[in-house]
Every structure is written in structure tokens, then in C-alpha cells.
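J.: 3D, please:
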Amino acid sequence: MTDPLALTYEHAFDIQINFDRRWSTGPIYGGAVQGYTSVGEGSVITGPLLNGKLVDYSGADWPVVRADHVVELNAHYMIEADDGALIYIRNLGYVHRPLRTQGQGPDEPADVPAYFRCTPYFRAPENGPHAWLNRTVIVGVAQRRPQVDPNDPPDHSLFRYYAIR
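T.: Numbering: from 1, shown residues only. Take a look at the predicted model:
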């Protein structure tokens, strides 16, 4: 018999989000900094369960960088699926740098790698091939990729999303 409490997951899709502008204000309450990062052009979605793009300039992330250097993500965007369906996504999550043990020097390798995880929520058309997004828990892992050289791809983050079954 299958364990009803066992967690299973399936790769759903990946998103490359290209960024346009970044601003920050602060400090705000508690020593945090309020940020703003807007979506630029050319963000793509590929995967076994969803393909399409982020609608250019359709949203932004409003992160709060806390005094402990943890970033609280709060992003809102519009997706256009390959079939033309428009889907709203709200993405919440946490980002923080590698963690070090007490007494570990800044030049020593971190014990735990950088953490970039998120939980998106969707509003998709209630009928049709994307309705599953309205009733499925999805989690994401991500990696930030800044543009270092003008020949590099634009400033972006890569997200890999998994449907929890």
C-alpha cells in the first residue's frame, strides 16, 4: 500500500526571468531595505507541463532585505502560455547567502550553499489545459545570474518549478 503522507513531485517547468530595473530604499522598519526589481523583455518558460513566456514588463519583485541579510521575495507577473492563455503568478520565497558555522572565517567554504526557494500561486483560466495550476502546490528552486560582462546574457534568474503530487 502506498503511504498517503509520502511526498512526490514532478518537474513542471523552468522560467528564465530577465530583469529590467532595480531600486532600493531604506532602511525601513527593523533595519530592512525595500527593493524593487522589474521584469524586462525575453523571459521564457519551458518544460513538460507549461511553455510560454513572461509578458514583457508585466510585473516586478518587491523584495525586503532584512537586517539578517535574508531576502523575502514578493513577486507578481503575468505569463502568456504558448496557446495564448494569460496566467497570473505570485511568487513568495526566501534567498540568503551561504551559511557559516560559528567561528568560521569568511574565506572558508560555507557549510550550506546559497538558498533560493519559492512557492508560486497561480490564477489560470478555470477551464482548459492550465486549470491544474489553480489547484496544485508548486515549489521552486532558483539561481541568480547577474550580467558581469556585456557579452553575457542579460541580468536574470533561473527558476525550476516542481508540482507536488
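J.: can you name the residues bridging to Y115?
T.: According to DSSP bridges, the partner residues bridging Y115 are H96.
J.: right, and it touches Y94 too?
T.: Yes: counting by Cβ atoms under 8 Å, Y94 is a contact partner of Y115 at 6.5 Å. C-betas here are computed from N, CA, C, even on glycine.
J.: report how many residues lie close to H69.
T.: 9 (other Cβ atoms under 10 Å).
J.: actually P63, not the one I typed
T.: 22.
J.: over to it: give its phi and psi.
T.: phi -70, psi 150 (degrees, to the nearest 10).
J.: gap between N134 and P153?
T.: Separation of N134 from P153 (Cβ to Cβ, to the nearest Å) stands at 32 Å.
J.: compare those two (neighbour count), which wins?
T.: Higher neighbour count among N134 and P153: N134, with 13 against 10, using other Cβ under 10 Å.
J.: now do the contacts for that one.
T.: 122-124, 126 (Cβ atoms under 8 Å, 6 or more residues apart in numbering).
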